[in-house]
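Chemist: 3D model of this:
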Amino acid sequence: MKLKQLESFLGSLQQFENPKAENSFGDVTDKVVADFGCGCGTLGLAADLLGAEHVIGFDIDAESIEIASSNADELEIGHNIDVNVMYLDVLDRTIDTVVMNPPFGTRKKGADMDFLSVALKVASQAVYSLHKTSTRDHIKRTALREYNASSAEVLCELRFDVPQLYKFHKKKEVDVAVDLWRFVPKTIRGKHS
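Modeler: Residues are numbered from 1 along each chain as shown. Here you go, the predicted model:
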């Protein structure tokens with residue numbers, strides 16, 4: 001699938017109004033991919049469209065899960081995707097790659113790091129995650145020293161226009177600088193250390 005087609009597909013997906021709080025590395029095609037905090041399913045659906053063997057979406061918001069399932073059905077790829085209302089510490093399947101856009105930790109300090117910690121424990125190949133650019137040094141240092149990542153690399157810098165979705169958002173829209181990271185977990189003889 002060409003990137004323009006992927007962008008068109010993803011741009012047409014239903015989004016949720018009241019949320020609760022390039023494959024150049026070979027980490028997606030023919031891999032089991034988990035989308036942590038999947039929301040409406042955008043990242044997981046993108047992984048499926050890029051050739052993932054199987055995609056599992058995790059979220060604690062039942063409404064988000066319904067929307068993600070609806071979006072998968074809309075793209076006629078629901079047979080390859082499971083979405084579950086559950087917490088990240090309840091995993092019983094081997095995960096090759098984790099993709100996620102965690103809460104940035106602005107309201108609940110460290111929320112993004114909780115996601116990253118679990119992702120690096122369960123992913124056998126890679127973790128792709130979005131984090132505020134202003135936390136770059138902290139993210140890298142913590143991933144390498146405390147979360148057992150063997151590498152932590154910013155793949156690109158992005159700008160997000162975050163709309164006022166939550167009651168605690170004070171402004172109608174905020175422009176946020178964001179990094180797309182690729183983390184590789186440490187392994188010993190094919191297993192996590």
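Chemist: if I look at the closest residue in space to Ala123 that isn't next to it in sequence, how far off is Ala52?
Modeler: Closest residue in space to Ala123, ignoring its immediate chain neighbours: Val98 at 4.5 Å, by C-beta to C-beta, 6 or more residues apart in numbering. C-betas here are computed from N, CA, C, even on glycine. Distance, Val98 to Ala52, by C-beta to C-beta, to the nearest Å: 12 Å.
Chemist: Quick check: neighbours shared by these two?
Modeler: With contacts defined as C-beta atoms under 8 Å, 6 or more residues apart in numbering, the residues shared by Val98 and Ala52 are Val33.
Chemist: What residues does Glu146 make contact with?
Modeler: Glu146 neighbours (C-beta under 8 Å, 6+ apart): Ser117.
Chemist: Can you read off the pLDDT for it?
Modeler: Per-residue pLDDT puts Glu146 at 96.
Chemist: What backbone torsions are found at it?
Modeler: Main-chain torsions, Glu146, degrees, to the nearest 10: phi -110, psi -30.
Chemist: Distance of the residue nearest the centre of the chain relative to Thr29?
Modeler: The centre of the chain sits closest to Met100, judged by C-alpha atoms, centre = their mean, with a distance of 1.0 Å. To Thr29, Met100 is 19 Å away according to C-beta to C-beta.
Chemist: same question, Trp181
Modeler: With C-beta to C-beta as the criterion, Trp181 and Thr29 are 20 Å apart.
Chemist: Those two - which one has more neighbours?
Modeler: Ranked by neighbour count (other C-beta atoms under 10 Å), Trp181 and Thr29 place Trp181 first, with 21 against 12.
Chemist: Pretty sure Ala152 is one of the things the more buried one touches, is it not?
Modeler: Yes - with contact defined as C-beta atoms under 8 Å, Trp181 reaches Ala152; the gap is 6.4 Å.
Chemist: what residues do those two have in common as contacts?
Modeler: With C-beta under 8 Å, 6+ apart as the test, Trp181 and Ala152 both reach Ile139.
Chemist: So Asp82 is in contact with Ile56, correct?
Modeler: Yes - at 5.0 Å, Asp82 counts as touching Ile56 under the criterion of C-beta under 8 Å.
Chemist: More neighbours: which of those two?
Modeler: Neighbour comparison, Asp82 and Ile56: the larger count goes to Ile56, with 21 against 16 (by other C-beta under 10 Å).
Chemist: Distance of that one relative to Lys108?
Modeler: 24 Å.
Chemist: Ramachandran coordinates for the residue nearest to Ala123?
Modeler: Per degrees, to the nearest 10, the backbone of Val98 is at phi -110, psi 130.
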